[in-house]
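Enquirer: sequence plus the predicted model coming up.
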Amino acid sequence: MASSSSLKPIFSSPLTSSPTPHSPKKPSSLLSFLHSTTSTPISLKLSSNPPRNNSHPRSKSSAVTNVVLKTDTSPETTSAPSNYSQDLGPPLTKPTILVSEKLGEKGLEVLREFGHVECLYDLSPDQLCSKISSCDALIVRSGTKVTRQVFEASNGRLKVVGRAGVGIDNVDLQAATEFGCLVVNAPTANTVAAAEHGIALLAAMARNVAQADASIKAGKWQRNKYVGVSLVGKTLAVMGFGKVGSEVARRAKGLGMNVIAHDPYAPADRARALGVDLVSFDQAIGTADFISLHMPLTPATSKVFNDETFAKMKKGVRIVNVARGGVIDEDALVKALDSGIVAQAALDVFTKEPPPKDSRLVQHENVTVTPHLGASTKEAQACVAIEIAEAVVGALKGELSATAVNAPMVPPEVLSELSPYVALAEKLGRLAVQLVAGGSGIKSVKVVYKSARDPDDLDTRLLRAMITKGIIEPISSSFVNLVNADFTAKEKGLRISEERIVVDSSPEFPIDSIQVQISNVESKFASGISDNGDISIEGKVKYGTPHLTSVGSFAVDVSLEGNLILCRQVDQPGMIGQVGNILGEHNVNVSFMSVGRTVRRKKAIMAIGVDEKPDKEALKKIGEIPAIEEFVFLKL
């Protein structure tokens, strides 16, 4: 799977594409992250038996991604929850947005144009839990802890949490995902401000600016005591080569420093473009004169700078941290400062904020400290407020966001390219699962993407989530959306595999077609079974509209709008007219009709798109036509 490039925020304007056979004629209406479409419940179960991996026998070139999902129990069949909605626009009543920490006025203006905004600061955990059940969105900074208890107390109403900043360690992402709540952040607005503060601390530490300032204000003149060190020619190790780390590296190069970096996920070409060498963790900390920290706080990075790592550093190293306090073991840093392994430290963040007044680290003579000012410029505060406000409003409108942190996270340019295929992916999932006969256990699903592009140049995470969502919703009582689709599939025991096949088509479009295969199941429509024994359907995007292009081994061409009737019939004249007359008599409007056959005058499949659901009498009459061997009605 292709790795994501640097992500920029998608604001609330709809994504658009030029009108081509593969893209919309007008701005596309994107499927909601937060609301599922209604569907007719089907008596099926998701099996917990270990799935088998069925490979595609005719692949020319493929790259396969397997997501193995385990289960507990099978769900009961129920109707879709009443809060499922097909409305992709703003709700009829204004949503309530709770802002629990200070946000710039420009951001509040964006929020007020869309919803009812309540600014309640310094809420205790109990007060937040009491309030959250009446809120659709919550915006926090770093001071509010959004715990599992908060999501439980919301009773399912909370749809989005916005973090005004980059770090999201104060939000329980696992709980948010389980409860179907989208979490978005504002990763770009304060990038330059944080990088500038890192460089400011770097220079101030090297030249003892803070200590010299305090000395003069105390009436002293200690020129000999505060002799500094030069930056030019020194090696700076940037630990975490994301947005802020990259900007710090760019500025450090301008100061004449040799810059190396460690980041297991950073693209090598981006580092080379800045003249930065990517190295291992131990090589970075072992050769650096200065170390600048820009990594997130995760279980893997918690206290990663400890007694062991400090012992590997060059004696006299200097450390700057404008990332997260928890990545440093503060007691270990004090010991390293006392021993001289670390000559100086400049810290903007701490494990506990504010730190204790008697903190040995804060009071240490060789430590320069600031009170978490990395993003604290007037310009950054205004931009963060606008960025998070637009991300939250966009999420409440049901728009896809490049700043979502607990949903498939893809760059804006990829979102724009894939937006026409989002509806196709979900509808193929819904269609495929409705072809499964009641009682058959769904063990595994394979998704095949056909494209002219190299398999590594096709990011399909978003589409996989949409297909998973489409498959699960009709047969589960769970509330399923893009945020929790993978999590719910894991609970239900559904195994998803992906395959990419290179085909001879235009590389201008990311995907030529998507095929969904469900293996080891019986079908209520036998013609939907392909040669390899799987239920198989395939679709394309034509002029911005999802089309079904094959069912089993039969080629068809019908728009996936409204509902669908599939009929297997003897290929003979008059069949379209007979079925069309029955539907017309029962006031059912036909939107599309297509006939696909394998051999002339033998067998054929007629695919009929209808705006309304035919009543039982109409369906009975269709089934009584002598030449029709089987048919099925599918609600999309």
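Expert: Perfect, thanks for sending it.

Enquirer: got the CA coordinates for the helix or strand residue 596 falls within in PDB?
Expert: Per DSSP states H and E: residue 596 is located in strand 590-597. In PDB, the C-alpha atoms belonging to strand 590-597 read as follows (Å, rounded to 0.1, in the frame of the first residue of the first chain):
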ATOM      1  CA  VAL A 590     -37.100   2.300 -14.400                       C
ATOM      2  CA  SER A 591     -33.900   4.400 -14.400                       C
ATOM      3  CA  PHE A 592     -31.500   2.000 -16.100                       C
ATOM      4  CA  MET A 593     -31.700  -1.400 -17.800                       C
ATOM      5  CA  SER A 594     -28.900  -3.600 -19.200                       C
ATOM      6  CA  VAL A 595     -28.800  -7.100 -20.500                       C
ATOM      7  CA  GLY A 596     -25.600  -9.200 -20.400                       C
ATOM      8  CA  ARG A 597     -25.200 -12.700 -21.900                       C
END
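
Enquirer: residues in contact with it: which ones?
Expert: With contact meaning C-beta atoms under 8 Å, 6 or more residues apart in numbering, strand 590-597 is reached by 550-551, 554-559, 561-562, 571, 575-576, 580, 583-584, 603-611. Glycine gets a C-beta too; all of them are placed from N, C-alpha and C.

Enquirer: change it to 10 Å
Expert: The list of residues contacting strand 590-597 from outside it, by C-beta atoms under 10 Å, 6 or more residues apart in numbering, reads 527, 545, 547-565, 567, 569, 571, 575-576, 579-580, 583-584, 603-611.

Enquirer: out of these, list just those in helices.
Expert: 575-576, 579-580, 583-584 (DSSP state H).

Enquirer: between those residues, which sits nearest residue 385?
Expert: Distance to residue 385 across these (C-beta to C-beta) is lowest for residue 583, with 54.3 Å.

Enquirer: how many neighbours does the closest one have?
Expert: A total of 21 residues lie near residue 583 under the criterion other C-beta atoms under 10 Å.

Enquirer: I'd guessed it sits against residue 563; true?
Expert: No - look at residue 583 against residue 563 with C-beta atoms under 10 Å: they stay out of range, at 11.3 Å.

Enquirer: what do the two both touch?
Expert: With C-beta under 10 Å, 6+ apart, residue 583 and residue 563 have common neighbours 608, 610, 612, 614.

Enquirer: residue ranges with poor pLDDT in this protein?
Expert: Counting by pLDDT under 70, the chain shows low-confidence ranges at 1-92, 265, 400, 409-410, 438-441, 475-481, 597-601.

Enquirer: show me the contacts for residue 227.
Expert: Taking C-beta under 10 Å, 6+ apart, we find residue 227 in contact with 207-208.

Enquirer: tell me the SS of it?
Expert: What DSSP: H, G, I helix; E, B strand; the rest coil gives for residue 227 is coil.

Enquirer: now it. Its backbone dihedrals?
Expert: phi -70, psi 130 (degrees, to the nearest 10).

Enquirer: how far does stretch 281-295 sit from the chain's center?
Expert: The chain centre lies 30 Å from the centre of stretch 281-295; the measure is C-alpha atoms, centre = their mean, to the nearest Å.

Enquirer: start to end distance for that stretch?
Expert: Terminal residues of stretch 281-295 are spaced 12 Å apart (C-alpha to C-alpha, to the nearest Å).

Enquirer: what do you get for stretch 135-152?
Expert: By C-alpha to C-alpha, the extent of stretch 135-152 from end to end equals 13 Å.

Enquirer: use 45 as the first number for this chain going forward.
Expert: Taking 45 as the first residue, the last one we looked at is stretch 179-196.

Enquirer: just the buried residues of it, please?
Expert: For stretch 179-196, the neighbour count (16 or more other C-beta atoms under 10 Å) marks 179-186, 188, 190-191, 193-195 as buried.

Enquirer: again, but for stretch 217-227
Expert: Within stretch 217-227, the residues that qualify as buried by neighbour count (16+ other C-beta under 10 Å) are 219-227.

Enquirer: ok, stretch 137-148 next?
Expert: Result for stretch 137-148 [16+ other C-beta under 10 Å]: buried residues 139-145, 147-148.

Enquirer: next one: stretch 561-575
Expert: By 16+ other C-beta under 10 Å, the buried positions in stretch 561-575 come out as 561-565, 567-569, 571-574.

Enquirer: ok, the closest residue to residue 609 other than its chain neighbours - contacts?
Expert: Leaving aside its chain neighbours, residue 609 sits nearest to residue 652 (4.4 Å; criterion: C-beta to C-beta, 6 or more residues apart in numbering). Applying C-beta under 10 Å, 6+ apart to residue 652 gives the contacts 600, 602, 607-611, 620, 623-624, 627, 632, 634-639, 658, 666, 675, 677.

Enquirer: closest to residue 497 among the buried residues of stretch 137-148?
Expert: Residue 497 has its nearest neighbour among these in residue 139, at 38.9 Å by C-beta to C-beta.

Enquirer: can I assume that closest one is in contact with residue 158?
Expert: Yes - contact criterion C-beta under 10 Å: residue 139 and residue 158 qualify, at 7.5 Å.

Enquirer: quick check: neighbours shared by the two?
Expert: Taking C-beta under 10 Å, 6+ apart as the contact rule, residue 139 and residue 158 both touch 181, 436-437, 440-441.

Enquirer: now intersect those residues with the helices, please.
Expert: Among those, the members found in helices (DSSP H) are 436-437, 440-441.

Enquirer: other SSEs contacting the lengthiest helix in the chain?
Expert: Assignment by DSSP H gives helix 456-478 as the longest helix of the chain. On a contact count with 3 or more C-beta pairs under 10 Å, 6 or more residues apart in numbering; DSSP states H and E, helix 456-478 meets strand 488-495, helix 505-516, strand 557-563, strand 579-586, strand 589-595, strand 607-614, strand 672-679.

Enquirer: go through that helix and flag the buried ones.
Expert: Going by 16+ other C-beta under 10 Å, helix 456-478 has these buried residues: 456, 458-478.

Enquirer: now the angle from it to strand 488-495?
Expert: Computed by axes from the mean of the first three to the mean of the last three C-alpha atoms, to 10 degrees, the angle separating helix 456-478 from strand 488-495 equals 140 degrees.

Enquirer: still on that earlier bit, max pairwise distance over the buried residues of stretch 561-575: which two?
Expert: Maximum pairwise distance among the buried residues of stretch 561-575 (C-beta to C-beta): 18.3 Å, between 564 and 571.

Enquirer: that older thread, just the buried members of the ones in helices among the contacts of strand 634-641?
Expert: For those, buried by 16+ other C-beta under 10 Å: 619, 623, 627.

Enquirer: brilliant, that's me finished.
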